[in-house]
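Sequence unavailable; structure follows:
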């Protein structure tokens, strides 16, 4: 299956595939068949690494060689999108193709690039746009992502593009305040992000091991700074697929519920299933969710007892007990 805008751009000669040197991909992409065989994907998400490795496409955290062409598929986060464009311009010996949906800010990015870069033909199709740019790296220096985690509000460090990069997420804060004093000895934080919830959990002396499971490599690197506790174990992994070597006493989580700009409750349901599979028979799940998300049926499917134990007007706190052993 062809990418609608890349296919059109190639037909219109908006850019050409390099005869050598290969093509680098930055940002989320699912269809790159139009770009030939000599492609490498640069991504910080463990799910992307699993996806492309299964398709025999090289995928890396950082490029080892300079490509002749780069393609940036815009992520949702504005700062990350601009950072990827700046990185692609700095690391590419040739043009940079930028592609994105209107809902992901492609129009705003195009406007911001005019005056900073030479912008070629704009291809509009399927609620998105594609265009080719060339620019001196220093023209986009202000967009470059920091090389290391930076101090954010509340004494923690974060990076642009990670969830709740500007400070503590209110849902995670609410869950941290509602957790009991005794969580058991072996605990996991699924979707740990940059580590706020885990840092609060480790205030309990009884805990021997806390697994921080996070799909975003940058967020996990922030968590290593924010949770400097020898009991913490860090796992760069898809939380919906990760399983501990030993069954856990407790799982805490503030699961993501977006894969696009629309809410996707299936992602939270997959987190619930993973939590149940990771727990010992007497294990417990403590989670927070937006009030409008219908997680109770999934919890009832995977746990023998489900309790709403608090919250506020925006968020609900949910407890799952007695994980269903047949679903482990």
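Happy to help now that I have it. Model, not experiment: these values are computed from the prediction.

from here on, contacts and neighbour counts on C-alpha atoms
Noted.

List the buried residues in stretch 173-186.
Under the neighbour-count criterion of 16 or more other CA atoms under 10 Å, stretch 173-186 has 174-176, 178-179, 183-184, 186 buried.

wait, I meant stretch 267-277
268-277.

and what of stretch 289-299?
For stretch 289-299, by 16+ other CA under 10 Å, it's 289-290, 295, 298-299.

Kindly list the single helix or strand of this protein that scores lowest on mean pLDDT.
Lowest on mean pLDDT, DSSP states H and E among the helices and strands of the chain sits strand 150-151, with a mean of 87.

helices or strands next to whichever helix or strand comes after that one in the packing?
Per DSSP states H and E, the first helix or strand lying C-terminal to strand 150-151 is strand 157-158. Here strand 157-158 touches strand 150-151, helix 217-226, going by 3 or more CA pairs under 8 Å, 6 or more residues apart in numbering; DSSP states H and E.

Adjacent strands (with direction) for the following helix or strand past the last one?
Elements were assigned by DSSP H and E; along the chain past helix 217-226, the next helix or strand is strand 232-236. Looking at strand 232-236 with DSSP bridges, its partner strands are strand 209-214 (parallel).

Pull up the per-residue confidence for the nearest residue in space to residue 243 that is not next to it in sequence.
Distances taken as CA to CA, 6 or more residues apart in numbering put residue 278 closest to residue 243, at 5.8 Å, once the chain neighbours are dropped. With respect to pLDDT, residue 278 has a value of 98.

all helices of the stretch 201-328 of the chain, in order?
Along the stretch 201-328 of the chain, counting by DSSP state H, counting those that start in this stretch, helices occupy 217-226, 265-278, 296-302.

contacting residues for the spatially most central residue of the chain?
Closest residue to the average C-alpha location of the chain: residue 216 at 4.7 Å, with CA atoms, centre = their mean. For residue 216, the contact set (CA atoms under 8 Å, 6 or more residues apart in numbering) comprises 44-46, 162, 193, 236.

Verify the contact between residue 25 and residue 70 for me.
Yes. The criterion here is CA atoms under 8 Å, and residue 25 meets it with residue 70 at 5.8 Å.

what about these two, which has more around it?
residue 70 (29 against 24; other CA atoms under 10 Å).

Any idea what that one is bridged to?
Under the criterion used (DSSP bridges), residue 70 bridges to residue 24, residue 96.

List the neighbours of the strand ranked longest in the chain that are in contact with it.
What stands out as the longest strand in the chain, according to DSSP state E, is strand 279-290. With contact meaning CA under 8 Å, 6+ apart, strand 279-290 is reached by 171-172, 174-175, 179, 247-255, 275-276, 314-325.

Among these, which are located in strands?
Filtering those for strands - DSSP E - leaves 248-253, 315-323.

Quick check: pLDDT value at the spatially closest residue to residue 162 that is not a sequence neighbour.
Ranked by CA to CA, 6+ apart and with sequence neighbours excluded, the top spatial neighbour of residue 162 is residue 219, at 5.6 Å. At residue 219, the pLDDT value in this model is 97.

need the contact list for residue 219.
Contacts for residue 219 were tallied using CA under 8 Å, 6+ apart; they are 158-159, 162-163, 193-194.

Serialize these to a markdown table and add fields for distance to residue 200, pLDDT and neighbour count.
Formatted as a markdown table, those follow (distance: CA to CA, whole Å; pLDDT from 0 to 100; neighbours: other CA atoms under 10 Å):
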| residue | distance to residue 200 | pLDDT | neighbour count |
| --- | --- | --- | --- |
| 158 | 17 | 95 | 29 |
| 159 | 20 | 94 | 24 |
| 162 | 19 | 94 | 19 |
| 163 | 17 | 93 | 18 |
| 193 | 13 | 97 | 29 |
| 194 | 12 | 97 | 32 |
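
could I get the residues you listed as TSV with distance to residue 50?
As requested, those are exported to TSV (distance: CA to CA, whole Å):
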residue	distance to residue 50
158	25
159	23
162	20
163	21
193	19
194	22
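
thought residue 139 was touching residue 117?
Yes. Taking CA under 8 Å as the definition, residue 139 is a contact partner of residue 117 at 7.3 Å.

Comparing these two, which residue is more hemmed in?
residue 117 (18 against 15).

Can you list the low-confidence ranges for the protein?
Along the chain, the model assigns pLDDT under 70 to residues 1, 153, 258-264, 325-328.
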